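1. got a sequence here, can you build the structure:
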Amino acid sequence: MPEINETFARWSELFMYLAALTYMFAFIAFSWDVAANSRITKRLEAAQESKKELVGAGVGGKSASVPAAVISSTEQGTGARGMGYQRVATAKISAHVADSDMRYGSGERRPAARAAVAIMVLGCLVHAAGVVTRGLAAHRVPWGNMYEFCTTGAFLVTAVFLVFLVFRDLRFVGTLVSGLALVMMTAATMGFNTPVGQLKPALQSYWLVIHVSIAVLASAVFTITFAMAVLQLVQTARERQILADQDTSLTRMGFMRLIPSATALENFAFRLNTVGFAMWTFTLAAGAIWAEKAWGRYWGWDTKEVWTFIIWVVYAAYLHARATRGWSGPPSAWLSIAGYLCIIFNFTVVNVFFSGLHSYSGL
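-> The predicted model follows:
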């Protein structure tokens with residue numbers, strides 16, 4: 001068995017710290033973008049109100065405000081199967097949200113967001129160097145314990161987000177994604193830090209590459225959809241208040257104009273969750289095949305196996321309820337959030353506090 005390369009191990013640790021630091025600066029830049037656009041939006045809204053008052057005075061003092069949109073039972077939430085509000089409500093909401101197609105060039109220039117993306121690209125490259133040198137140090141794939149799973153997971157969360165940015169303007173979710181990546185790196189370096197070592201005999205298989213890599217990639221996709229589900233809930237509540245002509249702190253949140261409608265968020269998250277679910281299904285099947293080769297049985301009701309199946313059931317329920325039962329809006333968002341919380345529970349609580357055949361945390 002090859003010896004551990006201590007030089008690569010030290011370089012990997014340094015790269016991981018630098019990546020976490022870079023993600024922190026990316027989080028600050030994304031937050032600055034949110035704050036800056038909030039101030040710009042408030043100035044624009046103030047200018048629009050002044051213009052309305054002048055127009056109203058010019059027509060004999062009559063109010064120029066638009067009447068509140070009537071909301072029927074079918075207009076609450078995001079409608080059947082994610083089809084959205086009725087036309088009158090959609091027209092009113094469109095002035096308060098970003099482009100639903102999430103294309104570039106439809107809004108104002110955002111230098112802070114561009115800087116945040118550039119910083120995140122730099123952090124992703126440094127992070128990739130940390131993951132690669134960790135693997136070179138151990139002469140194996142670097143996801144054999146909780147530290148390596150967490151650091152590789154954070155890397156894939158960032159990489160998946162940056163890949164999506166090539167096709168869609170998802171910078172509105174950058175604060176949550178960079179924050180989650182920072183939390184994962186902090187947890188790995190402070191809570192799950194494990195020296196480079198050899199794998200346990202049961203993990204010395206090519207199935208480690210197949211099974212765990214797809215599981216990490218699926219978790220990265222679910223991380224993005226979790227962030228979008230949270231924003232969907234906030235945007236749904238805001239849209240209802242806008243339709244009711246309520247002046248609240250939520251409707252005055254300027255940065256929410258940078259975020260597409262709740263319908264657009266839900267539809268895009270649904271497509272991503274479909275991809276993530278397919279990968280998680282493969283993870284479950286590959287794990288069963290690996291279990292048969294390692295322990296002579298496909299299923300043994302081990303705690304890790306049970307929670308992996310529970311996660312599959314939650315996301316299957318989410319896809320089934322929305323696709324066939326028209327269960328859209330906040331209920332579908334909550335199901336997506338519940339699925340991601342099950343992933344977090346499976347990774348943290350099950351790995352740390354439950355013993356079993358999958359006790360490979362390294363702690």
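
2. could you look up the SS state of the residue nearest to Arg238 when sequence neighbours are not counted?
-> Spatial nearest neighbour of Arg238, chain neighbours left out: Leu250 (4.9 Å); criterion: CB to CB, 6 or more residues apart in numbering. Where C-beta positions appear, they are placed from N, C-alpha and C, glycine not excepted. With DSSP: H, G, I helix; E, B strand; the rest coil as the basis, Leu250 sits in coil.

3. and what of Ala294?
-> Under three-state DSSP, Ala294 comes out as helix.

4. let me know how buried it is, in neighbour terms.
-> Residues within reach of Ala294, counting by other CB atoms under 10 Å, total 15.

5. now it: how far from Ala129?
-> When distance is defined by CB to CB, to the nearest Å, Ala294 is 32 Å away from Ala129.

6. which residues does stretch 291-310 contact?
-> By CB atoms under 8 Å, 6 or more residues apart in numbering, the list of residues contacting stretch 291-310 from outside reads 202, 205, 207, 283-284, 287-289, 342, 345-346, 350-351, 354, 356-358.

7. just the buried ones among the residues you listed, please.
-> 207, 283-284, 287-288, 342, 346, 350-351, 358 (16 or more other CB atoms under 10 Å).

8. hang on, isn't Phe15 packed against Leu125?
-> No: in this structure Phe15 lies outside contact range of Leu125 using CB atoms under 8 Å: 9.7 Å.

9. so which of the two has more stuff around it?
-> Ranked by neighbour count (other CB under 10 Å), Phe15 and Leu125 place Phe15 first, with 21 against 15.

10. residues contacting that one?
-> Contacts were defined as CB under 8 Å, 6+ apart; by that measure Phe15 touches 126-127, 129-130, 133.

11. tell me where the model's unsure across this structure.
-> For the chain, applying pLDDT under 70 flags the ranges 1, 38-92, 95, 105-108, 325, 356-363.

12. 50 instead, please
-> By pLDDT under 50, the weakly predicted segments of the chain are 44, 47-49, 52-53, 55, 59-82, 363.

13. ranges for the helices of it?
-> Along the chain, the stretches classed as helices by DSSP state H are 6-58, 87-93, 111-138, 146-167, 174-186, 206-207, 213-243, 262-295, 303-324, 330-345, 351-353.

14. can I get those in CSV including distance to Met102?
-> Formatted as CSV, these follow (distance: least, CB to CB, whole Å):
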stretch, distance to Met102
helix 6-58, 16
helix 87-93, 16
helix 111-138, 13
helix 146-167, 9
helix 174-186, 13
helix 206-207, 37
helix 213-243, 11
helix 262-295, 7
helix 303-324, 20
helix 330-345, 17
helix 351-353, 35
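
15. need phi/psi at Met253.
-> Torsion angles at Met253 (phi, psi; degrees, to the nearest 10) stand at phi -70, psi 100.

16. no, scratch that, I was asking about Val141
-> Dihedral angles for Val141 - degrees, to the nearest 10 - are phi -70, psi 140.

17. tell me how far the closest residue in space to it that isn't next to it in sequence lies from Leu258.
-> The spatial neighbour of Val141 that comes closest, neighbours along the chain excluded (CB to CB, 6+ apart), is Val209 at 5.3 Å. Using CB to CB, one obtains 39 Å as the distance from Val209 to Leu258.

18. same question, Gly191
-> 33 Å.

19. more crowded one of the two?
-> Legend: neighbour count by other CB under 10 Å for Gly191 and Leu258, higher for Leu258 (20 against 13).

20. my read is that that one contacts Val173, right?
-> No: in this structure Leu258 lies outside contact range of Val173 using CB under 8 Å: 10.0 Å.

21. can you get me a residue count around the residue nearest to Val141?
-> Using other CB under 10 Å, Val209 is surrounded by 12 other residues.

22. what is the burial count for the residue nearest to Arg238?
-> For Leu250, using other CB under 10 Å, the count is 16.

23. again with Ser178
-> Residues near Ser178, counting by other CB under 10 Å: 28.

24. ok, it to Trp32 distance?
-> Counting by CB to CB - Ser178 and Trp32 are separated by 12 Å.

25. any idea how far Gly144 is from Ala333?
-> Per CB to CB, Ala333 is found 35 Å from Gly144.

26. looking at the two, which has the bigger crowd around it?
-> Ala333 (28 against 24).

27. grab the nearest non-local neighbour of the more buried one.
-> Ala229 (4.2 Å).

28. and Phe164, what does it touch?
-> Phe164 neighbours (CB under 8 Å, 6+ apart): 170, 224.

29. again, 6 Å this time
-> Leu170 (CB atoms under 6 Å, 6 or more residues apart in numbering).
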